[in-house]
Structures are given as structure tokens and as C-alpha cells.
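Q: Provide a 3D model corresponding to the input given below.
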Amino acid sequence: MKDSPKPPLIEGDVYKSNMMKNPFSLIGKTILVTGASSGIGRATAIECARMGATVILTARNEKRLRETLALVEGSGVEGRGVESRYICADLNREEEIQQLVEQLPQVDGVVFCAGVSQLKPIQTLKENDLQTVFQTNYVAPVLLTKALAKTKKINTSGSLVYIGSISGHTNYATALSVYGSSKSALTSFVQYAAIELAGRQIRANAILPGRIETELLQNQTMSAEDIQRDIDKYPLRRYGRPEEVGQAVVYLLSDATQWMTGTMVRLDGGRSLV
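A: So this is what the prediction gives:
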């Protein structure tokens, strides 16, 4: 006697089926992380691997990418072969963006971490300052998004996560005009991308961090006293850590945020509140 066909799932059954899954896991997902050679990009790649993702790393510095890959491979889910790898690319060159995309497998998520900072008063700005910062912080992620969408390398229901900054929205400060403006432009683009890519169920969201303890911060010309005065402006009385940004990224990449797009997530220890 043949088995009777199973009845179609009704709403309650679908809910029960979904309850069996961990919506915060990245197991089975392939994630591309730009700027993965250091800072937020490196921490994000590690956090994605910890949650089970296969991670594709990209940046310009091959030596540092190899270091990140070793950390990623050592942090993957135990008992699961995480086939992560890196692809060197200078995303400020459109031809290298195209080469990167050609080498990519199908991806379920992309994290746009590559960025540069700049401290320069308006009266000392030069055109090259504008070109350098906007090229890295705005033009490159826009062109990479275009290439990924055009080649359909992003799977249906994929997630794009862009690293912006509160400096582009609320935390206005002297000498940050170009950096803040570039991040403001990027997060504006995110909302347009959310609309245009929604037809394929691809989500686009941004994280707006406050100051994060990275090499980028250490390379700035702030004295220890300046840093302490700045920290005192944060209600939680400290700067953020790269892994905390990475963990927020994991949330936006996961299936737990399938109905979340065009959203700006402030991650700033309360700095925007004061």
C-alpha cells in the first residue's frame, strides 16, 4: 500500500517547522566580507565563522588577509569544515571589483567594512581628500553592489550589511566633514538599494557605530586626554569593540531579520542620545 501524500503545510505547521531552526545561525551561508584584513572587517569575519558561515575575505593586503583567514579557520563551528578563503582586491579599482565578483561563488550575504577615516578642518581640505575618502567609503561599495546585483551573485533572500557611522547623522564634530559626509551618502544609498533589490527579497541595512577601538582610531591625532574626554560623552563610558560590531552584523545577516530592510542600526553606547 502506497503512503498517503502528506497534506500541505498550514500556517501553524509552518510556524512549528520554523521553530525547529535557529534563526540566528549562519550555518549553510556563504558571506563576503570586505576590508577583512583588520579592525571591524577582521572581527566580523571571525564572528560570521563562529556562527557557522563560510567566509570569503577580501582586502588589498594579502599578508594580513592570510592572518585573518587563520583566525577564521580556527573559530569555525566545531566538526564542520569551513571552506573559507580570501581574494585580494583593491576595491578602489573598478576592474578589480569585476575580477573579484567573477571569482566569487554564490553568496548569501555581503558585509561592506572597507573604509578610511580622515581628520581635516574644512579650510585645509583639498580636492584629493574628497576623492580619496568618497572613493573608498562610498563609490567602491556602490560599484560592488552594482556588480553583485548585475551578475546575480547574491542569492534570493540575501542580506547586504554596510558599515556607516554616527558621524554621518548625529555626531557632528570638527574636522570630520568629509568622512561624515561620505558615510551619510553611503547610508542614503542603502535605503535606495533596499527598495530596488526588494523584488529579489534581498535586504540592505546599515550599522552606524560610534567610536570603535581599532587601529584606525589609534592612528588618529587625538591625545590620551582628548580620548578620555570623548569617552566621557558616551553614557556607557567606553568605546565599542570590533567584535560587538561583528555580532550586530551577524544578526542582520541571519534569517532572524528577513523582514528588516532599509534600516539604520545605531551601535554607539548611547552617544547619539546626548
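Q: How is residue 155 assigned, secondary-structure-wise?
A: strand (DSSP: H, G, I helix; E, B strand; the rest coil).
Q: With residue 266 as the reference, measure out to it.
A: Residue 155 sits 28 Å away from residue 266, going by Cβ to Cβ, to the nearest Å. From N, CA and C alone the C-beta is placed, and that goes for glycine too.
Q: Could you check which of those two is surrounded by more residues?
A: Counted by other Cβ atoms under 10 Å, residue 155 and residue 266 do not tie: residue 266 has more neighbours, with 20 against 16.
Q: For that one, what is the enclosing helix or strand?
A: strand 264-267 (DSSP states H and E).
Q: Quickly run through the sheet partners of that strand, with directions.
A: strand 203-209 (parallel) (DSSP bridges).
Q: who touches the partner strand?
A: 40, 157-166, 168-169, 183, 186-187, 190-191, 193-194, 197, 240, 245, 248-249, 252, 257-258, 260-268 (Cβ atoms under 8 Å, 6 or more residues apart in numbering).
Q: ok, now with 7 Å
A: 159-166, 169, 187, 190, 193-194, 197, 240, 245, 248-249, 252, 257, 260-268 (Cβ atoms under 7 Å, 6 or more residues apart in numbering).
Q: Quick check: which ranges of the stretch 151-274 of the chain have low pLDDT?
A: 216-221 (pLDDT under 70).
Q: can you pull out the helices in it?
A: 177-196, 215-218, 224-231, 242-253 (DSSP state H, counting those that start in this stretch).
Q: three-state assignment of residue 74?
A: Applying three-state DSSP: residue 74 is helix.
Q: Let me see the contact set for it.
A: Residue 74 neighbours (Cβ under 7 Å, 6+ apart): none.
Q: Now do it against residue 45, distance only.
A: Taking Cβ to Cβ, one finds residue 74 at 12 Å from residue 45.
Q: just residue 190 next, same as before
A: 21 Å.
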